[in-house]
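> everything below, folded, please.
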Amino acid sequence: MSHHATVTPIPLQGSTFSLGILAVAGLFGGEHALSATGTIPLYKQRRWLGWYNSPGSYVVAMRYGELAKSSLFNEPTALLEVDGRSGPKFRAAHSGTVMEETGHLAALFAEVCREMQGVPVEGRVTRRVGVTIAQLEHIPELEVSSKVDPSCLPLFASIPVPISVSTCAMCAVAHDWYSFSMILFAKGSPPGDGVLFADNEIIVLKGEEGAVNAITRGSFGLRFATEPHYHDIGWCSVLLLLQFIAQLVLVPQGTPFVSLGVSWGYNIWLSSLDKEKIQRDFLVNNVLQRPKVHKYSLGTRTSTAVFVLLACGSQKVERLLDDLLPNNTKVWMQWKASIINRLEEGGSLVFQPSDWADSSLSGEERALLEILYKDAQSAYEGFMGSQHSS
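Numbers count the residues shown, from 1 in each chain. Below you'll find the model as predicted:
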């Protein structure tokens with residue numbers, strides 16, 4: 001009896017089907033692709049410029065899939081980096097209301113003021129502090145649509161889109177999920193003057209309550225076409241997963257390396273765009289309607305405090321002065337009382353040697369009081385000069 005060995009044929013032997021490194025393109029470049037989707041709400045027609053073979057689809061699908069299952073739909077704003085920053089402390093000049101922490105728009109406006117060059121105010125200099133006075137004359141609507149149209153975006157988008165089409169790769173899903181809007185609260189008419197305390201910057205907001213609230217209480221938000229059920233997010237996540245599967249199976253069979261490389265580069269370019277700069281420009285130009293903003297540079301904390309009090313023009317200055325200068329020693333308290341008294345009576349802040357010649361003080365204390373009074377006078381003269389020039 002003879003035995004014959006049998007050989008089991010290898011499945012798909014001779015087939016040209018293969019899975020290479022490009023098969024997992026959907027796993028790479030996810031953070032750049034995710035960041036690139038953050039530009040969709042900011043640009044007109046951006047949602048129609050996403051038809052290219054984008055890597056990173058799996059990562060994007062997983063992240064947005066989590067949002068679709070979440071009951072807290074304030075998360076997309078943080079995910080797309082269009083909201084979520086904490087702003088500086090705010091004190092209302094007339095009511096005394098304090099917000100220990102403002103929101104995203106206040107943080108953006110503080111950045112706008114920080115980038116401005118201040119006009120130096122003459123006087124003693126220890127450490128300069130910027131004081132910005134913003135005249136908010138326009139009261140925004142409760143909701144303002146945010147769309148800008150950069151001329152370069154369609155030009156750059158014209159590169160990966162035709163390349164992806166010409167290589168017959170799977171097109172990226174159209175992220176037509178939402179329109180972008182800015183939600184503003186508490187539109188009203190009473191005066192809402194107040195002060196923002198940013199890092200080494202003081203910002204005086206002058207205007208009606210609705211205008212000031214646009215900065216202190218406003219926020220960027222997302223409007224979904226299918227809210228409150230948000231089915232579109234879930235379906236887009238499913239489509240992105242299908243794109244990933246298609247890339248997994250189909251991409252290695254062709255030669256789409258150029259397409260994926262160009263698309264990845266395009267995503268990197270989109271993710272590099274300064275979205276906060278776009279938001280700052282929109283806030284100043286479209287929401288606040290280009291308010292009159294003047295910035296000054298004061299040489300000491302003392303002169304800064306007096307300049308801010310004069311800019312606010314409020315009779316309730318005691319708590320504001322304590323916020324600006326928390327010092328509570330004997331000399332400081334005497335100086336504060338004198339400044340408050342003069343402001344409440346509408347007097348000028350011009351001082352004479354007799355104002356600091358207090359026999360109850362030591363020589364060192366009188367010297368300090370003289371310095372403080374001269375700082376206050378420098379701020380007063382600088383403020384009055386700014387009023388005449390503006």
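
> just the pLDDT at residue 291, thanks.
Looking at residue 291, its pLDDT is 94.

> cool, and residue 81?
Reported pLDDT for residue 81: 66.

> could you pick out the longest helix of the protein?
Using DSSP state H, we find that the single longest helix of the chain is helix 363-389.

> let me see the mean pLDDT of that one.
92.

> buried residues, that helix. List them.
Residues 365-366, 368-369, 371-383, 386 are the ones in helix 363-389 that count as buried (16 or more other C-beta atoms under 10 Å). Any C-beta I mention is one placed from the backbone N, CA and C, and that applies to glycine too.

> quick check: residue 267 touching residue 59?
No: if you go by C-beta atoms under 8 Å, residue 267 and residue 59 don't touch, sitting 11.4 Å apart.

> find residues that contact each of these two.
Listed as contacting both residue 267 and residue 59 by C-beta atoms under 8 Å, 6 or more residues apart in numbering are residue 33.

> between those two, which one's more packed in?
residue 267 (25 against 20; other C-beta atoms under 10 Å).

> residue 278 versus the more buried one, what's the distance?
From residue 267 across to residue 278, the span is 17 Å (C-beta to C-beta, to the nearest Å).

> same thing with residue 56?
22 Å.

> who has more neighbours, the two?
Set residue 56 next to residue 278 and count neighbours by other C-beta under 10 Å: residue 56 wins out with 26 against 17.

> surely residue 204 meets residue 310?
No: judged on C-beta under 8 Å, residue 204 makes no contact with residue 310 at a distance of 9.7 Å.

> immediately after the helix or strand of the chain with the lowest mean pLDDT, which helix or strand?
None of the helices or strands of the chain scores lower by mean pLDDT, DSSP states H and E than strand 178-183, at a mean of 34. The element immediately downstream of strand 178-183 (helix or strand, assigned by DSSP states H and E) is strand 194-198.

> tell me which other helices or strands the helix or strand just after that next one touches.
Next helix or strand after strand 194-198 toward the C-terminus (DSSP H and E): strand 201-207. Judged by 3 or more C-beta pairs under 8 Å, 6 or more residues apart in numbering; DSSP states H and E, the packing partners of strand 201-207 are helix 104-115, strand 129-136, strand 194-198, helix 209-216, helix 301-312.

> among the ones you listed, which is nearest residue 347?
helix 301-312 (12.1 Å; C-beta to C-beta).

> what sits up against that closest one?
Residues from elsewhere that reach helix 301-312 (C-beta under 8 Å, 6+ apart): 93, 121, 123-124, 126-127, 129, 131, 133, 193-195, 202, 204, 206, 296, 298, 317, 320-321, 324-325, 339, 343, 349, 371-372, 375-376, 378-380, 382-383.

> rewinding a little: which neighbouring elements make contact with the longest helix of the chain?
Against helix 363-389 (3+ C-beta pairs under 8 Å, 6+ apart) you get strand 292-298, helix 301-312, helix 330-345, helix 353-356.

> switch to 6 Å and redo it
In terms of contacts (3 or more C-beta pairs under 6 Å, 6 or more residues apart in numbering; DSSP states H and E), helix 363-389 is packed against helix 301-312, helix 330-345, helix 353-356.

> neighbours of the nearest residue to residue 366 once chain neighbours are set aside, how many?
Distances taken as C-beta to C-beta, 6 or more residues apart in numbering put residue 356 closest to residue 366, at 5.5 Å, once the chain neighbours are dropped. Applying other C-beta under 10 Å, we find 22 residues neighbouring residue 356.

> against residue 123, how distant is residue 327?
Taking C-beta to C-beta, one finds residue 327 at 18 Å from residue 123.

> no no, residue 135
Distance, residue 135 to residue 123, using C-beta to C-beta: 24 Å.

> these two: who's more crowded?
Between residue 135 and residue 123, residue 123 has the larger neighbour count (other C-beta under 10 Å), namely 19 against 15.

> quick one, what contacts the more buried one?
The contact partners of residue 123, by C-beta atoms under 6 Å, 6 or more residues apart in numbering, come to 299, 303, 378.

> low pLDDT regions in the stretch 51-200 of the chain?
Low-confidence segments of the stretch 51-200 of the chain (pLDDT under 70): 51-54, 66-76, 78-81, 146-190.

> pLDDT weak spots in the stretch 251-390 of the chain?
In the stretch 251-390 of the chain, residues with pLDDT under 70: 251-261, 264, 270-272, 389-390.

> let's see that with 90 instead.
Residues of the stretch 251-390 of the chain that meet the criterion pLDDT under 90 lie in 251-279, 281-282, 286-287, 313-319, 327-328, 344-347, 358-359, 361, 386-390.

> so residue 118 sits against residue 297, correct?
Yes: using C-beta atoms under 6 Å, residue 118 is in contact with residue 297, at 3.5 Å.

> overlap of the contact sets of those two?
residue 130.

> how much space between residue 371 and residue 94?
Distance from residue 371 to residue 94, by C-beta to C-beta: 31 Å.
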